[in-house]
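Chemist: Got a predicted model here, sequence first, then my questions.
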Amino acid sequence: MVNDFFYLMKAELLITVIIFILLFLKLGNKELKNESLLNFINILLFINFISGFFYIPTGHLFGDMFRTNEILTLEKNFLNLGTLIISLQSYHWLKDHKHVPEFYVLLLSTLLGMFFMISSSNLLMFYLGLELSTIPLAALSNFDLDKRRSSEAAFKMIMSSAFSSGLLLFGISLFYGTTGTLSFVELATRINGNPLQVFSFILLIAGFGFKISAVPFHLWTADVYEGSPVAVTSYLSVISKGAILFVMVSVLYTVFTPIADTWYHMIFLISVATMVIGNLFALRQQNMKRFLAFSSIAQVGFILVGMSAQSVAGSSSVIYFILIYIFSNLGAFGVISLVSAVAGKENMDDYKGFYKTNPLLSWVLAISLFSLAGIPPLAGFFGKFFLIFAGAGKNNYLLIVIAALNMVVSLYYYLKVIRVIFMDGNENAIQTIRSGWQPRIAMTICVAGILITGVFSGAYNYIHSLFSLP
C-alpha cells in the first residue's frame with residue numbers, strides 16, 4: 001500500500017519535495033544569489049519534467065478519489081514543460097527580484113493543485129485541487145510589489161475566483177443532494193437530467209467558464225493579465241487554463257454523458273460567443289498583454305469546438321491543441337517578457353522597428369503569432385484543423401463555418417502585430433536586447449515545438465492511441 005502511494009503519486013510528491021527544498025533554502029542562514037538560485041531551480045524543474053517519462057503509473061488511491069493513468073500523466077507532463085519554459089523566460093525579471101523562493105513556492109503550489117485536480121475522480125477532490133491551484137495565483141498576480149495595477153489585478157483575480165468557486169461549490173452541493181454521491185463513476189449512473197440537475201450543471205459550467213475565460217465569464221481576464229507580471233500572465237494564460245480544460249473535457253466525457261445533448265448546446269453557444277467576442281475585442285487592443293488576453297479567449301472558443309464533438313477525436317484534438325498552445329503562446333509571451341524586463345515596454349506601438357534591432361526575437365514572435373493564427377505548415381494550423389474536424393463529426397456545419405470565419409478575423413489582428421514589427425519604422429525603436437541563455441533555451445524550445453509538432457503527426461497519433469487503450 002505504501003509503495004502504491006509513492007508510485008501513483010510520483011508527480012505530486014516530486015513537486016512537494018521541490019517546494020520543501022525551496023522553503024529550506026529560504027529559511028537557511030546562507031543567502032544565495034538570485035542567479036545561482038534561479039539556475040538551481042531550473043535544474044530541479046527540468047528533472048521534474050524528465051521524470052514524467054519514466055515509470056508511468058496506472059491505478060487509484062483514497063477510495064478511488066485519486067486516479068492516474070497514461071493520459072493523465074501526459075497532461076501533467078505538458079504542464080511541467082510549460083512551467084519550465086515560463087521559469088526560463090522569467091530569468092531577467094526574477095534575477096533582480098527580492099522574493100524568488102516565494103515566487104516559486106506559490107507557483108509550484110498552484111501546479112500541485114492542478115495535478116490533484118487532473119487526477120481527481122471525486123467532485124470534492126476536484127474542488128480542493130481547484131482551490132489549491134487558484135488561491136496562490138492571486139498572490140502571484142500581485143508580485144510586482146511596487147506597482148498599483150498589480151495589486152488591482154490581484155484584487156480582481158481573488159474576487160472573480162471567489163465568485164466562480166462559489167458557483168461551482170453550489171453546483172456540486174446540488175449534485176450531491178440529487179444523487180447522494182460525489183464520485184465520478186457513481187455520478188455517471190445517477191444523473192437523469194431532471195431540472196435541478198440541469199441547473200446544477202449550469203452552475204458547474206459557469207465555474208469552469210470563469211476559469212477558462214469563456215464568454216460571458218471573461219470580464220476579469222484582460223485587466224488581470226495587464227496588471228500581473230508577464231511571467232504570471234503567461235502562466236494564467238497557458239498552464240492554469242490548460243489544466244482546467246484537461247479536467248473539463250474529462251468530466252464532460254465521463255460524468256455527464258447522460259445529459260450529453262443538453263451540454264452540447266451549452267458548449268455550442270459558449271463557443272460561438274467566445275470566438276466572436278474574443279476576436280472583436282482583440283482587434284482594438286494596444287497593450288500586448290491585453291492583446292494576448294483576448295487572443296487567448298478566442299483560442300478557448302476554438303477549443304470548445306473540438307470539445308463539443310463528444311468523441312475520442314474530440315478529446316484527442318483538445319489535448320493536442322493545448323500542447324501546441326503551450327508552445328505558441330509561450331513563444332509570444334517569451335519575447336514580451338524579455339522586452340518588458342529589459343526595456344520596460346509593453347505597448348504594440350513600442351514594437352515599431354523591432355525587426356531592425358532584434359531580428360531573431362522578431363522571428364520568434366512572428367512564428368508564434370502565425371501559429372496562433374493557424375497558418376500552415378505551423379503547428380497551430382494542424383491543431384485547429386483537428387479541432388474543427390472533430391467538431392464536424394456532430395454534423396453541425398454552422399459551428400464549423402463560424403469557426404472558419406473567426407479564423408479569418410484572427411488572421412487580421414495577428415498580421416497587424418507582424419506589420420508593426422517588420423514594416424513600421426521608429427527612430428526610438430527598442431534597443432538591441434542581450435538575453436541570457438535561459439530565455440534563449442525557452443524560446444528555442446517553443447519555436448522547435450511549433451515547427452516539429454506541426455510537421456510531424458506523431459504527437460496527435462500518440463494522444464489518440466492512449467484513448468484507445470483498455
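Modeler: Yep, it's here. Everything numeric here is computed off the predicted structure, so don't read it as measured data.
Chemist: Check what contacts the least confident helix or strand in the chain by mean pLDDT and list those residues.
Modeler: Lowest on mean pLDDT, DSSP states H and E among the helices and strands of the chain sits helix 2-8, with a mean of 71. With C-beta atoms under 8 Å, 6 or more residues apart in numbering as the test, helix 2-8 has contacts from Leu13, Tyr55, Pro57, Gly59, His60, Leu61, Phe66, Thr68. In short, each C-beta sits where N, CA and C put it, glycine included.
Chemist: Recalculate using a threshold of 10 Å.
Modeler: For helix 2-8, the surrounding residues in contact (C-beta atoms under 10 Å, 6 or more residues apart in numbering) are 13, 55, 57-62, 66-69, 119.
Chemist: Let's have these in a markdown table, adding neighbour count.
Modeler: Shown next, in a markdown table, are these (neighbours: other C-beta atoms under 10 Å):
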| residue | neighbour count |
| --- | --- |
| Leu13 | 14 |
| Tyr55 | 9 |
| Pro57 | 17 |
| Thr58 | 13 |
| Gly59 | 12 |
| His60 | 15 |
| Leu61 | 17 |
| Phe62 | 14 |
| Phe66 | 21 |
| Arg67 | 21 |
| Thr68 | 24 |
| Asn69 | 16 |
| Ser119 | 26 |
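Chemist: Enumerate the positions of the helix or strand containing Ser362 that are buried.
Modeler: Here Ser362, judged by DSSP states H and E, is contained in helix 359-373. By 16 or more other C-beta atoms under 10 Å, the buried positions in helix 359-373 come out as 361-373.
Chemist: low pLDDT regions in this protein?
Modeler: Counting by pLDDT under 70, the chain shows low-confidence ranges at 1-3, 29-30, 425-428, 457, 468-470.
Chemist: ranges for the strands of it?
Modeler: Per DSSP state E, the chain carries strands over the ranges 59-61, 66-68.
Chemist: The last one - contacts with which helices or strands?
Modeler: When you say that, I think you mean strand 66-68. helix 2-8, helix 10-27, strand 59-61, helix 100-119, helix 123-141 (3 or more C-beta pairs under 10 Å, 6 or more residues apart in numbering; DSSP states H and E).
Chemist: which other residues reach it?
Modeler: By C-beta under 10 Å, 6+ apart, strand 66-68 touches 5, 7-12, 56-61, 76, 115-116, 118-122, 125, 129, 184-185.
Chemist: let's see 7 Å
Modeler: Leu8, Pro57, Thr58, Gly59, His60, Ser119, Ser120, Ser121, Met125 (C-beta atoms under 7 Å, 6 or more residues apart in numbering).
Chemist: Just grab the bridge partners of the fourth one for me.
Modeler: Looking back up the chat, that one is Gly59. Thr68 (DSSP bridges).
Chemist: In contact with the residue nearest the centre of the chain, which residues?
Modeler: With distances taken as C-alpha atoms, centre = their mean, Val238 lies nearest the centre of the chain, 2.5 Å away. Val238 is in contact with Gly82, Tyr325, Ile326, Asn329, Leu330, counting by C-beta under 7 Å, 6+ apart.
Chemist: do the same with Ser213
Modeler: Per C-beta under 7 Å, 6+ apart, neighbours of Ser213: Thr221, Lys241, Ser296, Ile297, Val300.
Chemist: if we go to 6 Å?
Modeler: Listed by C-beta atoms under 6 Å, 6 or more residues apart in numbering, the contact partners of Ser213 are Thr221, Ile297.
Chemist: All the helices of the stretch 301-450 of the chain, in order from the start?
Modeler: Using DSSP state H, counting those that start in this stretch, the helices of the stretch 301-450 of the chain run over 312-343, 354-357, 359-373, 379-391, 397-422, 437-455.
Chemist: Just the angle for the fourth one relative to helix 437-455, thanks.
Modeler: Think helix 379-391. Helix 379-391 runs at 40 degrees relative to helix 437-455, counting by axes from the mean of the first three to the mean of the last three C-alpha atoms, to 10 degrees.
Chemist: for the fifth one, same thing?
Modeler: Taking the same axes, to 10 degrees, helix 397-422 and helix 437-455 form an angle of 140 degrees between their directions.
Chemist: which parts of helix 397-422 are buried?
Modeler: Within helix 397-422, the residues that count as buried by 16+ other C-beta under 10 Å are 399-400, 402-403, 406-407, 409-411, 413-414, 417-418, 420-422.
Chemist: Out of those, which is nearest to Leu245?
Modeler: Taking C-beta to C-beta as the measure, Leu245 lies nearest Ala403 of those, at 16.6 Å.
Chemist: Thought Val305 was touching that closest one, still the case?
Modeler: Yes. Applying C-beta atoms under 6 Å, one finds Ala403 in contact with Val305, separated by 5.1 Å.
Chemist: just the helices and strands packed on strand 66-68: most buried one?
Modeler: When you average the neighbours per residue for each of those (mean count of other C-beta atoms under 10 Å), helix 100-119 leads with a mean of 23.
Chemist: what helices or strands is that one leaning on?
Modeler: Packing partners of helix 100-119 (3 or more C-beta pairs under 6 Å, 6 or more residues apart in numbering; DSSP states H and E): helix 10-27, helix 34-51, strand 66-68, helix 70-89, helix 123-141, helix 241-254.
Chemist: Can you add distance to Ser337 and give the ones you listed back as a markdown table?
Modeler: Below are those laid out as a markdown table (distance: least, C-beta to C-beta, whole Å):
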| stretch | distance to Ser337 |
| --- | --- |
| helix 10-27 | 21 |
| helix 34-51 | 14 |
| strand 66-68 | 32 |
| helix 70-89 | 5 |
| helix 123-141 | 14 |
| helix 241-254 | 17 |
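Chemist: and Met348, which of these is closest to it?
Modeler: helix 70-89 (19.7 Å).
Chemist: roughly how far apart are Trp220 and Phe163?
Modeler: 9 Å (C-beta to C-beta, to the nearest Å).
Chemist: Give me the more crowded residue out of the two.
Modeler: Neighbour totals were compared for Trp220 and Phe163, and Trp220 leads with 19 against 15 (other C-beta atoms under 10 Å).
Chemist: Next up, phi/psi of the more buried one, please.
Modeler: Main-chain torsions, Trp220, degrees, to the nearest 10: phi -80, psi -20.
Chemist: Now do the contacts for it.
Modeler: Here Trp220 is in contact with Lys156, Ser160 (C-beta under 6 Å, 6+ apart).
Chemist: Which single one of the contacts of strand 66-68 is nearest to Val17?
Modeler: Nearest to Val17 among the contacts of strand 66-68, counting by C-beta to C-beta, is Leu8 at 15.9 Å.
Chemist: out of the buried residues of helix 359-373, which one sits closest to Phe281?
Modeler: Distances from Phe281 to the buried residues of helix 359-373, taken by C-beta to C-beta, are shortest for Leu372, at 15.5 Å.
Chemist: Tell me who's in contact with the closest one.
Modeler: Contacts of Leu372 by C-beta under 6 Å, 6+ apart are Ser328, Gly380.
Chemist: what separates the residue nearest to the centre of the chain from Cys446, distance-wise?
Modeler: 11 Å.
Chemist: just Glu102 next, same as before
Modeler: Distance, Glu102 to Cys446, by C-beta to C-beta: 27 Å.
Chemist: can you check Ile135 too?
Modeler: On the measure of C-beta to C-beta, Ile135 and Cys446 end up 29 Å apart.
Chemist: go on, Asn395?
Modeler: Counting by C-beta to C-beta - Asn395 and Cys446 are separated by 36 Å.
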